[in-house]
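Q: model this:
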Amino acid sequence: MVVPVDLIVPEAVAPPGGRRGARLGKVYGRRAARRAAGLEGALVERSPVEVAALDDTDVLRLFGATTPDSMALSLGRLLADPRSAGATRVAVGRLDGLFGTPRSVAVPMAVRTLDGVLDPATVEATLTGFTSRLLATLADT
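A: Numbers count the residues shown, from 1 in each chain. Coordinates of the predicted model:
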């Protein structure tokens, strides 16, 4: 039985050289693994998470499964670790543009996806309220 596996190396810890390949040395070569920005947090925060599928409403589910204070603590750990700090700063910097207001990029997408399932005002309030509280908590730390 052949089981294909994609090896992905977080950008912050990938060996130098190349743009896409992680260059894992002579044994594995430069094509065995790909480098990817944004995975660095997995090196620091390794709590088990079950993911059935990904869609526009994942952030809404994530916001419903935790509190802004709890997420701020996790993000604080990621920001404190040199392996994940850069990617985490980028992600936090994008939160307001994605979820900060009802007109932010991702909020209308979630409203459309959940049309007929959840009240649009509830979706907007959950996403924007959580984001506001999270960013305020991060700013206070």
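Q: now the protein, which segments are flagged as low pLDDT?
A: 19-20, 22-31, 49-56 (pLDDT under 70).
Q: hey, which helix is longest across it?
A: Taking DSSP state H as the criterion, the chain has its longest helix at helix 120-140.
Q: got the buried residues for it?
A: 123-124, 126-128, 130-135, 137-138 (16 or more other CB atoms under 10 Å). From N, CA and C alone the C-beta is placed, and that goes for glycine too.
Q: need the contact partners of that helix.
A: For helix 120-140, contacts defined as CB atoms under 8 Å, 6 or more residues apart in numbering pick out 59-60, 63-64, 68-69, 71-72, 75-76, 92, 95-96, 98-102, 104, 106-107, 110-111, 114.
Q: just the ones of the residues you listed in helices?
A: Using DSSP H, the contacts of helix 120-140 in helices are 59-60, 63-64, 68-69, 71-72, 75-76, 92, 95-96, 98-99, 106-107, 110-111.
Q: which among the residues you listed end up buried?
A: Among the ones in helices among the contacts of helix 120-140, those scoring as buried are 59-60, 63, 68, 71-72, 75, 92, 95, 99, 106-107, 110-111 (criterion: 16+ other CB under 10 Å).
Q: relative to helix 106-113, how tilted is the longest helix of the chain?
A: Taking axes from the mean of the first three to the mean of the last three CA atoms, to 10 degrees, one finds helix 120-140 and helix 106-113 inclined to each other by 150 degrees.
Q: can you offset everything so residue one is 53?
A: Okay, using 53 as the starting number, the last item reads as helix 172-192.
Q: what about helix 172-192, distance to the chain center?
A: Helix 172-192 sits 16 Å away from the centroid of its parent chain (CA atoms, centre = their mean, to the nearest Å).
Q: cool, and stretch 57-77?
A: Distance, centroid of stretch 57-77 to centroid of chain: 19 Å (CA atoms, centre = their mean).
Q: what does stretch 150-169 give?
A: With CA atoms, centre = their mean, you get 17 Å for stretch 150-169.
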